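1. Quick one, structure for this:
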Amino acid sequence: MLHRFYHLSFVINWLSVAGLACALASPRPSSAAQSKSREASAQTSRPSTLVVIDAGHGGFDRGGIPRQRIAEKDMTLDVALRLRKKILAAGYRVVMTRDSDVFVPLRERAAIANSNRNAIFICIHFNSATRTDANGVETYYYRRDAMALAANIHRNVIAGAPSENRGIRRRGYYVLRKTTNPGVLVECGFLTNPGEGQLALTSNYRDKLAEEITRGILGKPALVSRAPASHYYPPATEAEAQPFNSYAGTDFIKAPPERSTARHRKGSKGAQSRKSSHRRTAQKTKSSGSATAKKAMPENVEN
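-> Residues are numbered from 1 along each chain as shown. So this is what the prediction gives:
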């Protein structure tokens, strides 16, 4: 009986040693595998893995102002296609509102964005002005949950563009107001400005714009070493990329009233002043008429 007990103990000890040896010999996950695991975890923690890219204008709609030399529709499409390539390489999925020179109505652009749930909407535009010295990059958003996305994109574009920092504004543009996903509209510079227009004509610069917008979408930081000299538009701050759903920074500026609203108010004030003028004229006419009638009457009516 004792012999059997020693034999059983020997077998148990041997199995324990064999199990420990197998555990030590088993391959551990490599650092590359761990890195991939972290990337996969980051991918799932992203606010969105789908980007809807909207190249402004297209088809018969050249964009810009009349007699503008550089067609905005061509520049926006080129930057948008480059952006698609970079976003796909980063592991995102992409939907384009247009990928050729066609006209897509605003309503349809918003519908394409809204048909893709949990996406972000990036609209590419270039600016124009009758003044050739107007220049700079500005970024627009409408939904509050797009503030951080707008700030991250704007800060990166400003870091890579030798242009004035015109700040970030909240505007109710149709494609931003009618989309149910967070949306950002980037004005990548003035095509009517000789310097910025010439830059936009170079493929390297358009590729750089797409790269900086991609960095903003990915939430990568941009440290701004250049502060544009401007008394009106404040420079972007040096800061890390902010969380997607909240933002507190100084990139945002208090935008002036909408032009249409200002014109409407001026028109209303003008109409009111015209009415007041008409009333004063009528009162003066009535008063002068009464005075004339009094002068025409005899001094002594009873005689």
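2. which element is Leu209 on?
-> Per DSSP states H and E: Leu209 is located in helix 203-218.
3. buried stuff in that helix?
-> Within helix 203-218, the residues that count as buried by 16 or more other CB atoms under 10 Å are 205-218. (Each C-beta comes from the backbone N, C-alpha and C, glycine too.)
4. got it, and stretch 77-96?
-> Here stretch 77-96 shows 77-84, 86-87, 92, 94-96 as buried, counting by 16+ other CB under 10 Å.
5. next structured bit after the host helix or strand of Val51?
-> In this structure, Val51 sits in strand 50-55 according to DSSP H and E. Scanning forward in sequence from strand 50-55 by DSSP H and E, the next helix or strand is helix 72-89.
6. returning to what we had before: want to try TSV for the buried residues of stretch 77-96, with pLDDT as columns?
-> What follows is the buried residues of stretch 77-96, written out as TSV (pLDDT from 0 to 100):
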residue	pLDDT
Leu77	98
Asp78	98
Val79	98
Ala80	98
Leu81	98
Arg82	98
Leu83	98
Arg84	98
Lys86	97
Ile87	96
Tyr92	95
Val94	97
Val95	97
Met96	98
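7. Can you read off the pLDDT for the closest residue to Glu164 other than its chain neighbours?
-> Once flanking residues are discounted, Glu164 sits nearest to Gly136: 3.1 Å by CB to CB, 6 or more residues apart in numbering. At Gly136, the predicted lDDT confidence score is 92.
8. Let's verify Gly189: helix, strand, or coil?
-> The three-state assignment at Gly189 reads strand, by DSSP: H, G, I helix; E, B strand; the rest coil.
9. nearest residue to it other than its sequence neighbours?
-> Glu196 (3.9 Å).
10. give me every residue that touches that neighbour.
-> By CB atoms under 8 Å, 6 or more residues apart in numbering, the contact set of Glu196 is 135, 163, 189-190.
11. tell me which of those is nearest to Ala119?
-> Using CB to CB, Gly189 comes nearest to Ala119 of the contacts of Glu196, at 26.0 Å.
12. can you count the residues close to that closest one?
-> 28 (other CB atoms under 10 Å).
13. wait, isn't it in contact with Asn127?
-> Yes. In this structure, Gly189 is within contact of Asn127 by CB atoms under 8 Å, at 6.4 Å.
14. Give me the common contacts of these two.
-> Contacts common to Gly189 and Asn127, judged by CB under 8 Å, 6+ apart, are Gly136.
15. Would you state the helices of the stretch 101-250 of the chain in chain order?
-> Under the criterion DSSP state H, counting those that start in this stretch, the stretch 101-250 of the chain contains helices at 106-114, 147-160, 174-177, 194-200, 203-218.
16. Show me what the first one is in contact with.
-> Think helix 106-114. By CB under 8 Å, 6+ apart, helix 106-114 touches 52, 54, 95, 97, 119, 121, 174-175, 178-181, 183.
17. tilt between it and strand 50-55?
-> 160 degrees (axes from the mean of the first three to the mean of the last three CA atoms, to 10 degrees).
18. Report the mean per-residue pLDDT for helix 106-114.
-> Mean per-residue pLDDT for helix 106-114: 96.
19. buried set for that helix?
-> In helix 106-114, counting by 16+ other CB under 10 Å, buried: 109-110, 112-113.
20. export the helix holding Leu209 as CSV, just CAs?
-> The C-alpha coordinates for helix 203-218 follow below in CSV (Å, rounded to 0.1, in the frame of the first residue of the first chain):
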residue,chain,number,x,y,z
SER,A,203,-0.3,69.0,-56.4
ASN,A,204,2.1,68.9,-53.5
TYR,A,205,0.1,71.6,-51.7
ARG,A,206,-3.2,69.9,-52.3
ASP,A,207,-1.7,66.7,-51.0
LYS,A,208,-0.5,68.5,-47.9
LEU,A,209,-4.0,69.9,-47.3
ALA,A,210,-5.4,66.4,-47.5
GLU,A,211,-2.7,65.1,-45.1
GLU,A,212,-3.5,67.8,-42.5
ILE,A,213,-7.2,67.2,-42.7
THR,A,214,-6.5,63.5,-42.2
ARG,A,215,-4.4,64.3,-39.2
GLY,A,216,-7.3,66.3,-37.8
ILE,A,217,-9.8,63.5,-38.4
LEU,A,218,-7.4,61.0,-36.7
